[in-house]
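1. coords please:
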Amino acid sequence: MSQRAVVNYGPEPHSVELRDIDDPTPGADDVIMEVQAVGVCGSDLHMWTGHQSWTVEYPMVLGHEFSGIIRQVGSNVTDWQVGDRVVSETHARVNMNSPMSRRGLYNLDPNRGGYGAAVNGAMTRIVKVPSRILHRMPDSLSFEVAALTEPCCVAFNATVLNGSITPGDRVVVLGPGPIGILSAAMARLCGAEVAVVGLERDRERLAVTEQYGCETLTSGVEDWAREVDGLGADGVIDATGVSVALQMAMNIVRPAGWISKVGWGPQPLNFSLDPLVQKNIRLQGSFSHNWPIWERIIRLLSTGQLDVRPIIGGRWQLEQWHDAFETMHSGKIVKAVLTPNAR
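-> Here you go, the predicted structure:
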């Protein structure tokens, strides 16, 4: 049998369309999940516009932020049953015997292949998922909220684990995209005073950050960072993927401060990194997430300590994917969610 899917079929800009694909067949250790909700990620938009800085295996079904219901289980699967409500990690292909995987850092396994870039993703009706990357959804979580677990995990890793926040710190977040806003929310949970920086065209998304108790800036960033003692912000989270943002981060962070860089892109630096040395700054890259982060985020979402509903700008059926992409790309909303099995 076949199903409809949002397929990125080539590297040229806007090489994405709705296509028929074969239904997946589970391996012994897999389940078949009926996708109830799938978030549109900024990386999906980058692949749609042809501006990604990572390798994509074409043709490729997009979508790596998803939740759903198990409809079939493989012969070796014993911990999951048909009907279970689940959310899936993105690590569709991992060498579990690699040195990084053995440390629990399978997200850093060089052989890692993620949904939507190396393995067909979830912007379709049903998807095959290795049972090792499934997490149980509490009944209190909606499928739409659960689908945003993945970007929350990215933000948690960048902010909590790869940042260094003490209550009362002042933290600047560069970029009001989904990861930037969620990073700001995480920093607020840690007790920081937070300013989120964007451009004039980002006004609508910046307004969402105010619901998390953040200040918003389109100018005067250095003034805000230095207003306490003139030295700069305690920490900066760069969620832009634009090289000039890192240069700004090095300028506004205080001596012995930290920068967590979670945004990435193809631009060269073209500026000196000497301020990292002169100011004794810690520059930390942050990539993806692993099992304990997922469990922690599910707990934060299900207890209401973290509320992602303000960033959900709308829900679209699978056939409306182009409208969802366009609306999110315009900056009018933070996050679009597709509902492939909505009736």
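2. Confirm residue 302 sits in a helix?
-> Yes - counting by DSSP: H, G, I helix; E, B strand; the rest coil, one finds residue 302 located in a helix.
3. Please spell out which residues along stretch 226-241 are buried.
-> 232, 233, 234, 235, 236, 237, 238, 239, 240, 241 (16 or more other C-beta atoms under 10 Å). Just so you know, the C-beta spots here come from the backbone N, C-alpha and C atoms, and that holds for glycine as well.
4. Which members of these occur in helices, if any?
-> Residues of the buried residues of stretch 226-241 located in helices (DSSP state H): none.
5. In strands only, show me these.
-> Per DSSP state E, strands hold the following members of those: 233, 234, 235, 236, 237, 238.
6. Of all pairs in these, which one spans the longest distance?
-> 234 and 238 (14.7 Å; C-beta to C-beta).
7. before we move on, the earlier item: please convert the ones in strands among the buried residues of stretch 226-241 to TSV, extending it with distance to residue 160 and pLDDT.
-> Formatted as TSV, those follow (distance: C-beta to C-beta, whole Å; pLDDT from 0 to 100):
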residue	distance to residue 160	pLDDT
233	17	98
234	14	98
235	11	98
236	15	98
237	11	98
238	16	98
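8. Distance to residue 16 for those - can I get that in CSV?
-> Formatted as CSV, these follow (distance: C-beta to C-beta, whole Å):
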residue, distance to residue 16
233, 38
234, 41
235, 36
236, 33
237, 29
238, 28
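9. that older thread, return the member of the buried residues of stretch 226-241 nearest to residue 121.
-> residue 241 (20.4 Å).
10. tell me the contacts of that closest one?
-> For residue 241, the contacting residues are 53, 175, 263, 264, 265, by C-beta atoms under 8 Å, 6 or more residues apart in numbering.
11. quick one, helices of this structure?
-> Using DSSP H, helices in the chain cover 42-49, 99-102, 143-146, 149-156, 178-189, 203-209, 221-226, 243-252, 274-278, 291-303, 321-329.
12. Give the buried residues for the first one.
-> By neighbour count with 16+ other C-beta under 10 Å, helix 42-49 contains the buried residues 42, 43, 44, 45, 46, 47, 48.
13. Equivalent analysis for the last one, please.
-> Under the neighbour-count criterion of 16+ other C-beta under 10 Å, helix 321-329 has 321, 324, 325, 327, 328, 329 buried.
14. Taking these, tell me the two that lie furthest apart.
-> 321 and 329, at 12.0 Å, using C-beta to C-beta across those.
15. got the contact list for the residue nearest to residue 267 when sequence neighbours are not counted?
-> Once flanking residues are discounted, residue 267 sits nearest to residue 243: 4.3 Å by C-beta to C-beta, 6 or more residues apart in numbering. By C-beta under 8 Å, 6+ apart, the contact set of residue 243 is 265, 267, 268, 269, 270, 271.
16. Show the buried residues in those residues.
-> Of those, not one counts as buried by 16+ other C-beta under 10 Å.
17. Kindly reformat those as CSV and extend each row with pLDDT and distance to residue 72.
-> Formatted as CSV, those follow (pLDDT from 0 to 100; distance: C-beta to C-beta, whole Å):
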residue, pLDDT, distance to residue 72
265, 83, 39
267, 83, 44
268, 83, 47
269, 85, 48
270, 88, 51
271, 93, 53
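18. any idea how the chain splits into domains?
-> 2-148+308-338, 154-285 (automatic domain parsing).
19. could the ones you listed go into CSV alongside distance to residue 297?
-> CSV is the format used below for the domains of the chain (distance: least, C-beta to C-beta, whole Å):
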stretch, distance to residue 297
domain 2-148+308-338, 9
domain 154-285, 6
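20. Ok, which of those comes nearest residue 294?
-> That would be domain 2-148+308-338 among the domains of the chain, by C-beta to C-beta, at 5.4 Å.
21. what about residue 1, how many neighbours?
-> Residue 1 has 5 neighbours, counted by other C-beta atoms under 10 Å.
22. How about residue 128?
-> Counted with other C-beta under 10 Å, residue 128 comes out at 18.
23. Show the contacting residues for it.
-> 24, 25, 26, 27, 30, 31, 32, 33.
24. For the nearest residue to it once chain neighbours are set aside, list the residues it contacts.
-> Closest residue in space to residue 128, ignoring its immediate chain neighbours: residue 24 at 3.8 Å, by C-beta to C-beta, 6+ apart. With contacts defined as C-beta under 8 Å, 6+ apart, residue 24 is in contact with 32, 120, 126, 127, 128.
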